[in-house]
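[1] Provided below for reference: sequence and predicted model.
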Amino acid sequence: MVPRTLNPYHAIRSFKEQLGVPFFMEVIIIMAWSIWTVRNNWLFNNVDPSVERCRDIFQKEFATYTSPLPQKTRKYNKRKFAYDYDIVPEKQSRCPQIPIVENEFAQEQYTQTETHSDIASEAKRSGYEDTLPVYVKAVSPCNFRYSYMNIGKKFCTRNGLVTNCLMTLKDQEGRSWPLNLTLTSDQVRMKGGWGHFSGHHGIKVGDQCVFRLTDPNTFAVSINRAP
């Protein structure tokens, strides 16, 4: 137990001493995530919170964290005088893909354009009657498990979204949800608010989210429900 009167620094040190493991910080973060998940389920899904449910979520997430990574087999290439690595695939993917919509096709469909007018023409031919850059993404289990929505890197680059920034999602009724747009080396993620947006609108796996870039910091979002 940690006294409530301790400041955050001494509270973390107390946790470290009680846990006695080198990965104590990961334990604290996963526990906080489990409590936050139980709280969200209570607010948005009417699931009564309980210590047992929080413990189950913690055990599941901690097992995922401690599961072994794919092994590597090392091969020596005599011609190049270097080592090549082949990744041995896992037996089962942690986050399976949904066959409803091919995400790569959607990304290429709305990013293989050179100018704003080309983007507008492509959007109109695809059934979206507007002149705004459009990106369509099918919701996957990963988007709920890790509470983020990924956007095509090419789409963001072509439309000037090249740095981390604060974005706003607007639904069809004009209500707004702020979130963080975070760029990595290979993808772009919307975090820190996507869970609230998806929970409020009852988004489920397989639904299509249509993102229209109305200005450099705003996405107008419409949802096509999965059958």
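    Looks like it came in fine.
[2] Can you show me the helices along the chain?
    Secondary structure of the chain (DSSP state H): helices located at 8-19, 24-45, 51-66, 103-109, 116-125, 141-145, 153-158, 194-200.
[3] Which strands or helices does the third one pack on?
    Think helix 51-66. helix 24-45 (3 or more C-beta pairs under 8 Å, 6 or more residues apart in numbering; DSSP states H and E). For every residue, glycine as well, the C-beta is placed using N, CA and C.
[4] what mean pLDDT does the helix it packs on have?
    For helix 24-45, mean pLDDT rounds to 87.
[5] Give the buried residues for stretch 26-33.
    For stretch 26-33, burial by neighbour count (16 or more other C-beta atoms under 10 Å) applies to V27, I30, M31.
[6] should've said stretch 173-193
    Quick answer for stretch 173-193 (16+ other C-beta under 10 Å): W177, L179, L181, L183, V188, R189, M190, G192, G193.
[7] On the strand side of things, show who the first one bridges to.
    Meaning W177. Beta-bridge pairing of W177 under DSSP bridges involves L169.
[8] quick one: contacts for it?
    The neighbours of W177, taking C-beta atoms under 8 Å, 6 or more residues apart in numbering as the test, are T168, L169, K170, D171, G193, H196, F197, H200.
[9] My read is that the third one contacts A220, right?
    Yes - applying C-beta atoms under 8 Å as the test, K170 and A220 come out as touching, 5.1 Å apart.
[10] Would you quantify the distance from the closest residue to N180 other than its chain neighbours to P178?
    In space, and not counting its chain neighbours, N180 is closest to G192: 4.2 Å by C-beta to C-beta, 6 or more residues apart in numbering. G192 sits 8 Å away from P178, going by C-beta to C-beta, to the nearest Å.
[11] What is the neighbour count of V134?
    24 (other C-beta atoms under 10 Å).
[12] so where is this protein shaky, pLDDT-wise?
    The chain contains residues with pLDDT under 70 at 1-2, 67-131.
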